[in-house]
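Undergrad: here is the input, now give the coordinates:
(2 chains)
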Protein chains: 2
Amino acid sequence: MHVEAGKWGKVFNVGANTPFVSRATMTVSSLTWHRLFWSFWTVPWWQMNCQKRTLTLWSSATPSWMSREKKVAEEPKIPRMSILGIISLLSKRTLNTTPSLQEVMLTSERYGVQRLPFSHVSNRDLAFFECLMPGRVITDPDELKLFNVDWLQSVRGWCLTGHLVRCLHFGPCLGKRGGTGILICQAGCILENLSQYLESMDFTMPLDLGAKGSCHIGGNVATNAGGLRVLRYGSLRGTVLGLEVVLADGSILNCLASLQKDNTGYDLKQLFIGSEGTLGVITTVSILCPQKPKAVNLAFLGCPGFSQVLETFTTCRGMLGEILSAYEFMDDKSMKLVESHLKLSNPVTGSPFYVLIETSGSNSAHDEEKLNHFLEQAMTSGLVMDGTVVTEDKRIKALWALRERITEALTHDGYVYKYDISLPVKRLYDLVTDTRERLGRSAKNVVGYGHLGDGNLHLNITAESYSHSLLEAIEPFVYEWTAQYQVSISAEHGLGFKKKHYIHYSKPREAVHLMQKFKAMLDPKGILNPYKTLPASSL
Amino acid sequence: MHVEAGKWGKVFNVGANTPFVSRATMTVSSLTWHRLFWSFWTVPWWQMNCQKRTLTLWSSATPSWMSREKKVAEEPKIPRMSILGIISLLSKRTLNTTPSLQEVMLTSERYGVQRLPFSHVSNRDLAFFECLMPGRVITDPDELKLFNVDWLQSVRGWCLTGHLVRCLHFGPCLGKRGGTGILICQAGCILENLSQYLESMDFTMPLDLGAKGSCHIGGNVATNAGGLRVLRYGSLRGTVLGLEVVLADGSILNCLASLQKDNTGYDLKQLFIGSEGTLGVITTVSILCPQKPKAVNLAFLGCPGFSQVLETFTTCRGMLGEILSAYEFMDDKSMKLVESHLKLSNPVTGSPFYVLIETSGSNSAHDEEKLNHFLEQAMTSGLVMDGTVVTEDKRIKALWALRERITEALTHDGYVYKYDISLPVKRLYDLVTDTRERLGRSAKNVVGYGHLGDGNLHLNITAESYSHSLLEAIEPFVYEWTAQYQVSISAEHGLGFKKKHYIHYSKPREAVHLMQKFKAMLDPKGILNPYKTLPASSL
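TA: A predicted model of the protein is given here:
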């Protein structure tokens, strides 16, 4: 059996704000392909509700799959092959904002990717999948175009072969052990659906992202997504209790405990969290979910400078304590993009910086009292120039949209160079200022926003179109600037395809070498999400 | 160079309530021993304050090391060797409660341990260490006795060779990134010292254990210790930000980030957390520390039955919400042991069950109001029979001692068979009742207590002395009983030496096999904490 290899994507899409993420991919060895699919089909509670989720076969960046197909038949058999399969649902918003897919250059050409010696999709493969899921295999090039470009329009693959609607059913299940919610769900569940399901049962997801409407929980876990609630509920490394993972040899690794505490042997699941699909395909997730807060308040405030943004954080951290659930900051430029491209209205204008402060608690009177004391203090001491506080669910969502949809607004501004850095908060905005100064008019916009509570800056640079010289002006400048501190060059987006060569800015040589050994052990043929996360191994 | 191998212990001691933990051990290959030590000595900020911490060389369970030493000289050279080194400080309390070390049977004899083919300590080795740390090598058998038996008096090694005072300096350092405390400290730091250091700077450790006065942070992390604050701050997997680890080949793996978010490559540190020293020696830890709560309340309540213990938990979880920081339960029998053996007084008597409820918050008036509402509800609905609430630090400590010192009280009651199970909370106490019924008079006491908020039961059985037939009546009964549910047979204590063969009750075959592959990759000669955690590999 031969299935064509592809070059882009990452296991399960985490959605909007992550490059290389809106295409979810998995690759399996030829020997185990049948076994893998058999595993998928035989686990009884994996209900086969195939309405929306998709698994797509990708080809490499070759203009004609028919001609390659022919060539393969003449070549000697290569004992490995790969499948890049999408478990992805393009959201309506995504489709609407993808007007000209053909304009995006092929990633293989832009970055000079040398194709690894995977074998190719054959008609026999297509027949196999057609047999598995009749009527679901797509070969129409126009129909496949939608899957070839990520929604940020920064990378493009060449999908020629087929499209299978698949398979990881929504069906979440919430267990309550002593009032503690433990959610077990399949990897293809949309984060927002899970949130709604949990909220109907008075629980909440410990994870929230701007991309919640389209991202999948499997992708969230595979990329160790951070998002808006890390400050309150911590990272997925603490809240994910168990995983089921399909390994490169097709075997199923069951680490699907739903226990808060378990110290029997090594915690294998941790290796798959954040590995970007390069070590295994996450298929089921168990996650600890806190109770839904009884009272939520959201304050949107304008600050006169970045030092006031920092001081406001220290003040609210002390005065709001355990009810502080989010502290986000946005610069004026990012708010302007949201206003101009998405026509959202900012209720507080005229400040160089804005902050979103969310409280979540169990007693609305107590929470409001704490928040009012804090706001009084912040206003009288000049930390905050202006602001608004909302408590109604609808208004809270509208205010959050100003922050959550910045990524979307940026895509309307042109080609986006995205950086996602963990920095000491005091220097967080200096990187934006210095980058802006360095690039001058060669960039259209240089904006900064992010999760200040976690020390996580999203630096974004837009230009009318992709330019190699602009990229060279940005990189390695950004990494070298940040290398002054003990930083992460990817706080939450992962390294994917574009940043894998810069891992050394954040990890020492010995650590990278050990990662490569893990990769070689778990995926000796290199078929799981190739070209991603780690630089080529010299093992 | 030859150094005698030993059989017991685990890297760094986590202290009182964990079997196999009060002896911290590490083993290194002969080729890399010098390199390992060189690493220890040359890292500039590892200050060599050698007053209290100890690194001990252990021999195997052989009656005379001189005769073995001779034998080794005649044997062909074995290309590997090991050192079991203690980085341990026996607390005064421990020393006082260890009256008759010679009564504890050698572990190798009790459990029929077949010694692995490590080589032996030579006079040349002793000379090497004497040269490194003049005057610190101990060979006096009487002096070494203290290190041969764990403080629970359940296992005994045969230490014949030497004792080196060492080396992982206390010196913690607290960084505050935007008001968020990040502690970096060496592995030998005592947990209680760290807590005091942090509290003096208005922060707190996210970890608290009954053994805090003697356990080391390195051991806490190596064993993924749970303790009393998991309910509020989550597990160490979420709060430990970085580690420095010495690998089996003597190289240093630097994963010592102090960032809250980092998605660059695989999260290697997670593999060492909870691996019980079998994959590497943790030498430095970076940990995220929350702000010290401004108000703490502690309620000690008596409940008429276990179902009321559960209902009280559900009620307080809802009414106390974000300020609930601990929910512990103890049965009457465990309280009686604390009273009789340690002469502590229980302020609330006459109930079959007791619970400790702690709140930690940022506003004392709000917290007290929430707590009062909850107590009113719990008393009027008959969930709670009697109780007391304290707010003063001294009284809080005195009440906590009733729970924290149960383990110590048990050691005074005789030989202790200890079990540490994650169970569905509704069935948590059934295991205690069923075990009590099964063992009848063959056990002295069968008691149950634990972290109900985490679904974690500590089942303890005491007898006048160790009895193999009693052990056979308990095991595998306890494991088979728990196997009805998706449980962990070791929620927080780890598997160590005694439970490694029972890992299959909690982990599937494929997972154990993968763990063995990791072990083989990272420690191919099996010199790191041998005989522990995993059953022998068939790789």
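
Undergrad: can we go C-alpha only for contacts and neighbour counts from here?
TA: Fine.

Undergrad: so A:Ile182 sits in a strand?
TA: Yes. Judged by DSSP: H, G, I helix; E, B strand; the rest coil, A:Ile182 forms part of a strand.

Undergrad: that one: how many residues sit nearby?
TA: By other CA atoms under 10 Å in any protein chain shown, 23 other residues sit near A:Ile182.

Undergrad: what helix or strand is A:Leu231 on?
TA: Taking DSSP states H and E as the definition, A:Leu231 sits inside helix A:230-233.

Undergrad: how about the helix or strand just after that helix, does it get close to chain B?
TA: Elements were assigned by DSSP H and E; along the chain past helix A:230-233, the next helix or strand is helix A:236-239. Yes. Part of helix A:236-239 sits near chain B under the criterion CA under 8 Å from any CA of the partner chain, namely A:236-238.

Undergrad: of the residues you listed, closest to chain B?
TA: A:Gly238 (4.4 Å; CA to the nearest CA).

Undergrad: looking only at pLDDT, what's the mean for the helix holding A:Leu231?
TA: Across helix A:230-233, the average pLDDT comes to 91.

Undergrad: if we can go back for a sec, Serialize the residues of helix A:236-239 next to chain B to JSON lines and add fields for pLDDT and neighbour count.
TA: Formatted as JSON lines, the residues of helix A:236-239 next to chain B follow (pLDDT from 0 to 100; neighbours: other CA atoms under 10 Å in any protein chain shown):
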{"residue": "A:Leu236", "pLDDT": "95", "neighbour count": "25"}
{"residue": "A:Arg237", "pLDDT": "93", "neighbour count": "23"}
{"residue": "A:Gly238", "pLDDT": "92", "neighbour count": "19"}
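
Undergrad: export those residues to JSON lines and tack on distance to B:Ala409?
TA: Output for the residues of helix A:236-239 next to chain B, formatted as JSON lines (distance: CA to CA, whole Å):
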{"residue": "A:Leu236", "distance to B:Ala409": "38"}
{"residue": "A:Arg237", "distance to B:Ala409": "35"}
{"residue": "A:Gly238", "distance to B:Ala409": "33"}
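
Undergrad: so where is the stretch 151-300 of chain A shaky, pLDDT-wise?
TA: A:159-172, A:174-179 (pLDDT under 70).

Undergrad: tell me where the stretch 301-450 of chain A has strands.
TA: Taking DSSP state E, counting those that start in this stretch, the strands of the stretch 301-450 of chain A run over residues A:324-331, A:353-361, A:386-390, A:415-422, A:445-451.

Undergrad: helices or strands next to the second one in the packing?
TA: The one in question is strand A:353-361. On a contact count with 3 or more CA pairs under 8 Å, 6 or more residues apart in numbering or on different chains; DSSP states H and E, strand A:353-361 meets strand A:295-303, helix A:306-320, strand A:324-331, helix A:364-380.

Undergrad: as JSON lines, these with distance to B:Leu337 would be great.
TA: Formatted as JSON lines, the helices and strands packed on strand A:353-361 follow (distance: least, CA to CA, whole Å):
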{"stretch": "strand A:295-303", "distance to B:Leu337": "44"}
{"stretch": "helix A:306-320", "distance to B:Leu337": "42"}
{"stretch": "strand A:324-331", "distance to B:Leu337": "42"}
{"stretch": "helix A:364-380", "distance to B:Leu337": "41"}
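
Undergrad: among the ones you listed, which is nearest B:Leu132?
TA: Ranking the helices and strands packed on strand A:353-361 by proximity to B:Leu132 (CA to CA) places helix A:306-320 first, at 46.9 Å.

Undergrad: what's next to the closest one, contact-wise?
TA: By CA atoms under 8 Å, 6 or more residues apart in numbering or on different chains, the surrounding residues in contact with helix A:306-320 are A:303, A:324, A:327, A:329, A:353-355, A:359, A:370-371, A:373-374, A:378, A:383-384, A:425-426, A:429, A:453, B:178-179, B:362.

Undergrad: around chain B, pick out the residues from the stretch 201-350 of chain A.
TA: Checking the stretch 201-350 of chain A against chain B by CA under 8 Å from any CA, the hits are A:223-224, A:226, A:234-238, A:253-255, A:257-268, A:270-272, A:274-275, A:310, A:313-314, A:317-323.

Undergrad: check the burial of A:Cys131 by counting its neighbours.
TA: 12.

Undergrad: in a helix, that's where it is, yeah?
TA: Yes. According to three-state DSSP, A:Cys131 belongs to a helix.

Undergrad: against chain B, how distant is it?
TA: 30 Å (CA to the nearest CA, to the nearest Å).

Undergrad: pLDDT score assigned to that residue?
TA: 87.

Undergrad: tell me which residues touch the closest residue to chain B within the stretch 251-400 of chain A, please.
TA: Residue nearest to chain B within the stretch 251-400 of chain A (CA to the nearest CA): A:Asp262, separated by 4.2 Å. Residues in contact with A:Asp262, defined by CA under 8 Å, 6+ apart, are B:422, B:488-492.

Undergrad: and those, which of them are in strands?
TA: Cross-referencing these against strands under DSSP state E gives B:Ser422.

Undergrad: nearest to B:Lys145 among the contacts of A:Asp262?
TA: Among the contacts of A:Asp262, and counting by CA to CA, the member closest to B:Lys145 is B:Glu492, at 28.2 Å.

Undergrad: I'd say the closest one and B:Asn224 touch.
TA: Yes. Shown here, B:Glu492 and B:Asn224 form a contact pair, counting by CA atoms under 8 Å, at 6.8 Å.

Undergrad: neighbour-wise, which of these two wins?
TA: For B:Glu492 versus B:Asn224, neighbours defined as other CA under 10 Å are more numerous around B:Asn224 (28 against 23).

Undergrad: just list the residues touching that one, thanks.
TA: By CA under 8 Å, 6+ apart, the contact list for B:Asn224 reads A:263, B:235-237, B:273-275, B:492.

Undergrad: related to what we said a few turns ago, which helices and strands does the helix holding A:Leu231 pack with?
TA: Looks like helix A:230-233 contacts strand A:324-331 (3+ CA pairs under 8 Å, 6+ apart).

Undergrad: partner strands of the strand it packs on and their direction?
TA: Next to strand A:324-331 in the sheet, as set by DSSP bridges, lie strand A:353-361 (antiparallel), strand A:445-451 (antiparallel).

Undergrad: excluding its backbone neighbours, what's nearest A:Gly242?
TA: Nearest non-adjacent residue to A:Gly242, counting by CA to CA, 6 or more residues apart in numbering or on different chains: A:Leu256, 4.0 Å away.

Undergrad: how many neighbours does the one you found have?
TA: 20.
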